[in-house]
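Asker: requesting a structural model of the entry that follows:
(chains A and B)
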Amino acid sequence: MEPGEIHALLGENGAGKSTLMNVLYGLYQPDEGEILVDGKPLQPRGPADAIAAGIGMVHQHFMLVPVLTVAENVMLGAEQVRGGMLGFLDRRRARREVAEVSTRYNLQVDPDAIIEDLPVGIQQRVEIVKALTRDVDLLILDEPTAVLTPQETEELLTVMRELKAAGRSIVFITHKLGEVKAIADRVTVIRRGRTVGTATPEASRDELAALMVGRTVRLTVDKEPATPGEPVLELSGLVVDDDRQVRAVDGVDLTVRAGEVLGIAGVQGNGQTELVEAVMGLRPLLAGSVRLGGERIDDRSTKEILRAGVGYVPEDRSVDGLVKELSIAENLVLDLYDRPPFGRGLALRPDAIKKSARERIAQFDVRTPSAEAAVGTLSGGNQQKVIVARELSRPLKLLIAAQPTRGVDVGSIEFIHSRVIHERDAGTAVLLVSSELDEVIGLADRIAVMYRGRIIGIVGPDTAREEIGLLMAGITPDPADAGANGATAGTDGGAPSPSGPGSEDEA
Amino acid sequence: MSTMAVDDVAVSPVNEGFWTRARKAGLVLTVLGLLAVLLFTALAASEPARFTLSEDASGAALKINGTVGAALFGAVALAAGVAILAGLPKRWFTLVLGVGLVGFVVSFLCWQVSTAPAGQNFMPLVNIVRGTFILALPLIFGSLAGVLCERSGVVNVAIEGQLLMGAFSGALFGSLSGNLWVGLIAAAIGGTFISLLLAVFAIRYLVDQVVMGIVLNLLAVGITGFLYERLMQPDPAKYNSAPHFSNWEIPLLSEIPVLGPALFAGNIFLYLGLLLVLVIHIALFRTRWGLRTRSVGEHPTAADTLGVRVLRLRYRNVLLAGAVAGIGGASYTLALFSFTKNMIGGKGFIALAALIFGRWSPTGALLAALFFGFADQLATYLSAINSSIPSQFLAMLPYLATILAVAGLVGRVRAPAADGKPYIKG
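Answerer: Below is the predicted model of the structure:
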């Protein structure tokens, strides 16, 4: 890092950007390697050391105490006090300091405002002021624009330019290419915890996108060409908000046919999560409809949707997919515990549950000492296999798999992929959402690219990955291409055929 | 500076249309006023009700005809209630509400005192005020211990145990040494012992803080009960006869009518308790320690990223809380009584209620503690004059008020955000 430089750290979610910066800021300890500041090695044992070395950080989730004032937040940890041991706060000085920094960098904040009353953009400003009053030379901004509106983002970029003019260096963590091109002097791309390249912002967007998404060996999946049948899932005009009441899905029309895999590609945070949750009845629709086999299901409960023949592999297995403290056997019947053969009346039938668990553990190659082990004790790959086993053990019309192989070892990835294809060949419609482009290209028969809540293009799996990368960055090369809502019908892939437990024998 | 106000623990206004929080309070007050004007006045006897400015029937007194008084003060409460209902400016709300409530209470007293048997139809105000403070004292210490703990993010359900342990070790070591100050220090250490256990299990081992608090209360009852039966009962002269602090009259101030003899002729615990309220309030809102405590109680991760050592601060505050509660326990055994089994009798839990009623602020806790103390004292007084109202019913009222308060009548009560949540780094 040079003084007065804005260095962008670009990478997918989970690539290790934030972890790297947390090490630099002293929140995590490095296992190996060293950090040099002004030529001297730095081993921050905690944030206090990092601050002393002139490093400041604005975290992705703000580190502000909501009920305190701006001035109190700014002075916390570095309080100016009077009265010696008694330590009375010198509020006047704190206010003056805030005002000083505010005017010098044109960051208007009211020192006496309570944090929780301020909009997010201003809160971020307080974070920056907080770092600047600590006299930092290097400011780390961790995904600063993730929570901002476009206008607030513009303002932030202006502030960054001013800081740069004042000789401060900035590390700017992001996965948004546009911002990188707008502001960065240098770009380092990180992928799976490694630096995969350094570039200047003059590099074209697709160059950056390619670096970011990676050119690792393509995981090939053996599969026959799809034989798509009747439409199974039909989304029309879907509009959904995220938790912050910001539009996440903005008018999506999509059709998934029996016997095909529709992959949704896109940089994370472009509405994929919300789209899937809306289909599953986990998130209210603001407009539009969801049809399963021609019938509207958007007014049904999640349980009814599951019973209607939808399998769901949620994107965060530890939060939504499994109950970690429960055993594998119990997790395997979370969807069917209340009906025969697993439950009758008010009672569970442990023998049936255990028997079916043993079958499925063998069938889905779950590596575990016993069916009674708590799911939380398994490795990520085996946990994921438990979910897949559960969801594929019902007769399905539609399988929704969100990030089905995130954080999963290569062996399990292959296994899960082959299962998905097997399900497709049995006539199930598959909706695959993944931020791993390789996975989408490897599995999907059609690829829909999602950007800012919209499907901006649907392409075939043989499309050059650079082109898909461009779409993921929001660039539509040729409107004609995007209309390829194809893989057209005609061939009858057959009606959704049930595949009950034990009907598969291929691994 | 605005932070001196009680409302530092934010009270968020809720938009409810016409029925704002103020109007709801006004409605309640209006109903109380009507009750006073109609019922109390009708029941009151047309006899003089005397409020003497001394400890007995003698001396100067405020005198009013029972019926007239009940009607007059009931009308005050009614007027205040109607005024609030009509939409009073916000800055007057607290004052008018206070006046209205006092009016209701005085109207009630006029009725009660005027119907008391002959020879007893007077109320000695000095006794009432002094009794209020004496009964409130353990609550004040206890709720301050709660403030210290919970403002830094550790729930303190163990106040009861800390008070009891303080009372016990104060009595034991006070007796053994025959020295008041040794007893006082031992009491502080006794309370600290209980809070050390709380700190280690809650902060280091992440045990559920509420469960831990309850267990510690039982532990304190067990330990002190055992030692009481083994040591104190067989040989009370040696183990359970601690000297008591005498009352210190503060010159001049103790001459003030009513308040003087009640407030400025008390023992060291009374002065210490009031001083601590002031000191902790100022420290919490004006010093570096206070800012860090509040930050750690609200958002420990934020404090950590700024170099504040979260766990160390929590340890320190929890231990300090134990010392404060320990001294509070000694206000029994080093000033009033000798130790008896389970002598705190639930005051620690009432202190917890005072803490919540007072919105986690030292001054708020003081006012809440005095409110509980007054209700307690009033119940005692009324049973002494053979009131028609069962004293148990009165003794219940403060807790009913607490439930109403917590349910939203005095605004949404919000605990420090990280209260009860263990902090795990990374």
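Asker: going by C-alpha atoms from here, please, whenever you check contacts or count neighbours.
Answerer: Will do.
Asker: the bottom helix or strand of chain B by mean pLDDT?
Answerer: helix B:391-404 (a mean of 77; mean pLDDT, DSSP states H and E).
Asker: can you spell out which helices and strands pack onto that helix?
Answerer: If contacts are counted by 3 or more C-alpha pairs under 8 Å, 6 or more residues apart in numbering or on different chains; DSSP states H and E, helix B:391-404 sits against helix B:362-384.
Asker: got phi/psi on A:L141?
Answerer: phi -110, psi 110 (degrees, to the nearest 10).
Asker: list, one by one, the residues from chain A near chain B.
Answerer: Within chain A, the positions adjacent to chain B are A:27-28, A:46-48, A:62-68, A:72, A:76-79, A:81, A:86-89 by C-alpha under 8 Å from any C-alpha of the partner chain.
Asker: take these and keep only those in strands.
Answerer: A:V81, A:F88, A:L89 (DSSP state E).
Asker: any idea which of the residues you listed has the most stuff around it?
Answerer: With neighbours taken as other C-alpha atoms under 10 Å in any protein chain shown, the top of these is A:L89, carrying 23 neighbours.
Asker: before we move on, the earlier item: which of the residues of chain A next to chain B are buried? Put it as a PyMOL command.
Answerer: To isolate the buried subset of the residues of chain A next to chain B in PyMOL, counting by 16 or more other C-alpha atoms under 10 Å in any protein chain shown, use the following:
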select buried, chain A and resi 27+28+46+47+48+62+63+64+65+66+67+68+72+76+77+78+79+81+87+88+89
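Asker: got a markdown table for the ones in strands among the residues of chain A next to chain B, with pLDDT too?
Answerer: Converted to a markdown table, those look like this (pLDDT from 0 to 100):
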| residue | pLDDT |
| --- | --- |
| A:V81 | 82 |
| A:F88 | 86 |
| A:L89 | 86 |
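Asker: just the closest of these to B:Q120, please.
Answerer: A:F88 (52.8 Å; C-alpha to C-alpha).
Asker: beta-bridge partners for that closest one, please?
Answerer: Counting by DSSP bridges, A:F88 forms beta bridges with A:R82, B:T287.
Asker: hmm, A:R82 and it touching each other?
Answerer: Yes: contact criterion C-alpha atoms under 8 Å: A:F88 and A:R82 qualify, at 5.2 Å.
Asker: quick check: neighbours shared by those two?
Answerer: With contacts taken as C-alpha atoms under 8 Å, 6 or more residues apart in numbering or on different chains, A:F88 and A:R82 have no neighbour in common.
Asker: helices of the stretch 1-150 of chain B, residue ranges please.
Answerer: Applying DSSP state H, counting those that start in this stretch to the stretch 1-150 of chain B gives helices spanning B:21-35, B:41-43, B:66-85, B:90-114, B:125-150.
Asker: which elements pack onto the second one?
Answerer: Looking back up the chat, that one is helix B:41-43. Using 3+ C-alpha pairs under 8 Å, 6+ apart, the elements in contact with helix B:41-43 are helix B:66-85.
Asker: quick check: mean pLDDT of the helix it packs on?
Answerer: Across helix B:66-85, the average pLDDT comes to 91.
Asker: just stretch A:255-265 next, same as before
Answerer: 93.
Asker: what about A:I297, distance to A:E234?
Answerer: Applying C-alpha to C-alpha, to the nearest Å, the value for A:I297 to A:E234 is 10 Å.
Asker: could you give the angle of the least confident helix or strand of chain B to helix B:362-384?
Answerer: 160 degrees (axes from the mean of the first three to the mean of the last three C-alpha atoms, to 10 degrees).
Asker: shouldn't A:T198 be in contact with A:V189?
Answerer: Yes: with contacts counted by C-alpha under 8 Å, A:T198 reaches A:V189, the gap being 6.2 Å.
Asker: so the nearest residue to A:S327 once chain neighbours are set aside versus chain B, what's the distance?
Answerer: Leaving aside its chain neighbours, A:S327 sits nearest to A:A374 (4.0 Å; criterion: C-alpha to C-alpha, 6 or more residues apart in numbering or on different chains). Separation of A:A374 from chain B (C-alpha to the nearest C-alpha, to the nearest Å): 22 Å.
Asker: residues in contact with the closest residue to chain A within the stretch 151-300 of chain B?
Answerer: Closest to chain A within the stretch 151-300 of chain B is B:T287: 4.1 Å, counting by C-alpha to the nearest C-alpha. Residues near B:T287 by C-alpha under 8 Å, 6+ apart: A:V81, A:L86, A:G87, A:F88, A:L89.
Asker: over to A:T377?
Answerer: The contact partners of A:T377, taken as C-alpha under 8 Å, 6+ apart, are A:K324.
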